[in-house]
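In: Starting from these lines, generate the structure:
(one chain, ligands or ions: 1)
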Amino acid sequence: MAFFLLFGTIGLPELLIILIILLLLFGAAKLPQLGGALGKTVKSFKKEMKEDKPTSKCPKCESEVEEDEDFCPKCGEKLK
Ligand SMILES: [Zn+2]
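Out: Purely as a prediction, here's the structure:
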């Protein structure tokens, strides 16, 4: 599960404690909302990480590709 990979250094007991604290703070009814908000936060965070990556241009189709990409995702041109 992606959630566990994200918090790889936190063990299951810690996760349970966090969950219990969240339950106490927000109440069980609001948890799905909270999950959605958390998902959005993670998503935008990942997006920012992606935007920080150096990009270069594909020599064939001129679309922006990530620097560590071996092939252009659009036209399949070899970049390295
Ligand atoms: Zn290309």
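
In: same for the helix or strand hosting L19, what does it pack against?
Out: Per DSSP states H and E, L19 falls inside helix 12-26. In terms of contacts (3 or more Cβ pairs under 8 Å, 6 or more residues apart in numbering; DSSP states H and E), helix 12-26 is packed against helix 31-52. No exception for glycine: its C-beta is placed from N, CA and C like everyone else's.

In: low-confidence ranges in the protein?
Out: Across the chain, the ranges flagged by pLDDT under 70 are 1-8, 28, 30-32, 34, 50-51.

In: For it, what lies in contact range of the ion?
Out: 58, 60-61, 72, 74-75, 77 (Cβ under 5 Å from the ion).

In: hmm, which of the residues you listed are the buried ones?
Out: 58, 72 (16 or more other Cβ atoms under 10 Å).

In: wait, what's in contact with the residue lying farthest from the centre of the chain?
Out: What lies farthest from the middle of the chain is K60; by Cα atoms, centre = their mean that is 29.3 Å. For K60, the contact set (Cβ atoms under 8 Å, 6 or more residues apart in numbering) comprises 72, 75, 77.

In: what do you get if the cut-off is 6 Å, keeping everything else the same?
Out: 75, 77 (Cβ atoms under 6 Å, 6 or more residues apart in numbering).

In: same deal with the one 3 residues further on?
Out: Counting by Cβ under 6 Å, 6+ apart, S63 makes contact with K74.

In: Apply 10 Å and report the result again.
Out: Neighbour list for S63: 55, 57, 72-75, 77 [criterion: Cβ atoms under 10 Å, 6 or more residues apart in numbering].

In: Just those: which are in strands?
Out: The strands, defined by DSSP state E, take in 55, 57 from the contacts of S63.

In: one step back: would the residue farthest from the centre of the chain count as being in a helix?
Out: No - assessed with DSSP: H, G, I helix; E, B strand; the rest coil, K60 is coil; it does not lie in a helix.

In: and it, what are its phi and psi?
Out: Main-chain dihedrals, K60, degrees, to the nearest 10: phi -90, psi -50.
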